[in-house]
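Student: Show me the folded form of this:
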Amino acid sequence: MSFGYFWDGFCHFLVCALFVFVFIKARGGRENLTWEMLVGLIIGSSSLFFLPNKLPFLSRSENYYYQFWHYPISDWDILLLGGPWHRFFITHSAIIPTFLLYGPGNRRFALICLGLTIGISSHLAWDAYSSANPLIVFYPKVFYFKGFAAELWLYVNTAALLLVAEVFRRRAATCH
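Tutor: Okay, the predicted model is just below:
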């Protein structure tokens, strides 16, 4: 069994833990880490990185769906569009969590989205920091940002996501 994503996933997980700690401390420690936030954090940052890439007892199509548990939502571009689309601008930006602002106005949804948003922000920050030559893909080999422009994209979207996270935090605090 291959655990090819383990170390990168583990690093994403550690950076997410740091982001959550700082987010909660910045709010004066008034937030509680709920199970809803934890689900969102895991899906957004590292997913279940400690699982093997594929399971030998699953068929090819079953392994395809299984990998959605193995990779965080930002890396679903690999599964949905293929390797050349990795770091697709939609999955590596504030677009998805911002779109979720139009979702239901209940506390559980807001807490899951809060975790998801912090998780994706930490994922993007680690991608920007850890990649020697990052790439943001709009259309493979035709339109993309690379190097400093891609790092800037990732860091700006990290900051934007933290602002979106604050909106979800306020929504969670006012919903019942």
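Student: hey, let's count contacts and neighbours off CA atoms from now on
Tutor: OK.
Student: What residues sit buried inside stretch 150-159?
Tutor: Taking 16 or more other CA atoms under 10 Å as the neighbour-count basis, stretch 150-159 is seen to contain the buried residues 150-151, 153-159.
Student: phi, psi of Gly29?
Tutor: Dihedral pair for Gly29: phi 70, psi 20, per degrees, to the nearest 10.
Student: How many neighbouring residues does it have?
Tutor: 11 (other CA atoms under 10 Å).
Student: where does the chain dip in pLDDT?
Tutor: Applying pLDDT under 70 to the chain flags the ranges 1-4.
Student: so where do the strands sit in it?
Tutor: Counting by DSSP state E, the chain has strands at residues 135-139, 143-146.
Student: Next, the residues that contact the shortest one from outside, please.
Tutor: Outside strand 143-146, the residues within contact range by CA atoms under 8 Å, 6 or more residues apart in numbering are 133-138.
Student: Tell me which strands it pairs with, and in which orientation.
Tutor: strand 135-139 (antiparallel) (DSSP bridges).
Student: For the longest helix that the chain contains, enumerate the helices and strands it packs against.
Tutor: Secondary structure assigned by DSSP state H gives helix 148-174 as the longest helix of the chain. The contact analysis (3 or more CA pairs under 8 Å, 6 or more residues apart in numbering; DSSP states H and E) places helix 148-174 against helix 95-100, helix 107-130, strand 135-139.
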